[in-house]
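[1] here are the coordinates; sequence isn't available:
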């Protein structure tokens with residue numbers, strides 16, 4: 001017998017990245033159709049979707065993101081958001097433990113910068129190096 005859980009939607013054709021939460025359950029970051037950075041993570045035994053960008057107070061619609069899970073289960077997260085006038089904001093979060101994802105501390109944002117050219121894709125490379133693809 002196979003047990004199935006209902007899933008929260010991840011839009012087809014949009015980027016998503018899976019990782020393990022603090023209990024070794026699967027969790028997902030995905031780019032929503034409304035250009036939000038969604039986090040789908042198990043809370044009290046139920047998969048729950050939250051707007052991670054809103055939790056971190058990202059400004060503007062999310063254009064691109066990447067997430068990398070390290071051997072100690074900590075996460076490195078990079079996101080670019082629309083700042084208008086063909087510019088974007090870039091947010092870099094490092095050493096985020098999965099248990100802290102629903103209550104991120106401002107100190108976890110290593111860098112938040114603006115006035116970058118519009119970024120269309122981000123790739124994290126181990127060790128932490130960020131590759132941006134801009135217009």
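    Received the coordinates, thanks. All values derive from a computational prediction rather than experimental measurement.

[2] And the nearest residue to residue 97 once chain neighbours are set aside, how far from residue 99?
    Nearest in space to residue 97, with sequence neighbours left out and distances taken as C-beta to C-beta, 6 or more residues apart in numbering, is residue 74 at 5.5 Å. All C-beta spots, glycine's among them, are computed from the backbone N, C-alpha and C. Distance, residue 74 to residue 99, using C-beta to C-beta, to the nearest Å: 10 Å.

[3] what does residue 27 give?
    11 Å.

[4] Settle it for me: which of residue 74 and residue 99 has more neighbours?
    Shown here are residue 74 and residue 99; by other C-beta atoms under 10 Å, residue 74 has more neighbours (14 against 11).

[5] Tell me the confidence at that one?
    In this prediction, residue 74 carries a pLDDT score of 92.

[6] need the contact list for it.
    Going by C-beta atoms under 8 Å, 6 or more residues apart in numbering, residue 74 touches 94-97.

[7] Adding distance to residue 37 and secondary structure, write those out as JSON lines.
    Putting the contacts of residue 74 into JSON lines (distance: C-beta to C-beta, whole Å; DSSP: H, G, I helix; E, B strand; the rest coil) gives the following:
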{"residue": "94", "distance to residue 37": "16", "secondary structure": "strand"}
{"residue": "95", "distance to residue 37": "18", "secondary structure": "strand"}
{"residue": "96", "distance to residue 37": "13", "secondary structure": "strand"}
{"residue": "97", "distance to residue 37": "18", "secondary structure": "coil"}
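
[8] Please convert the residues you listed to TSV, extending it with pLDDT and neighbour count.
    Listed next are the contacts of residue 74 as TSV, based on pLDDT from 0 to 100; neighbours: other C-beta atoms under 10 Å:
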residue	pLDDT	neighbour count
94	87	16
95	87	13
96	91	21
97	93	13
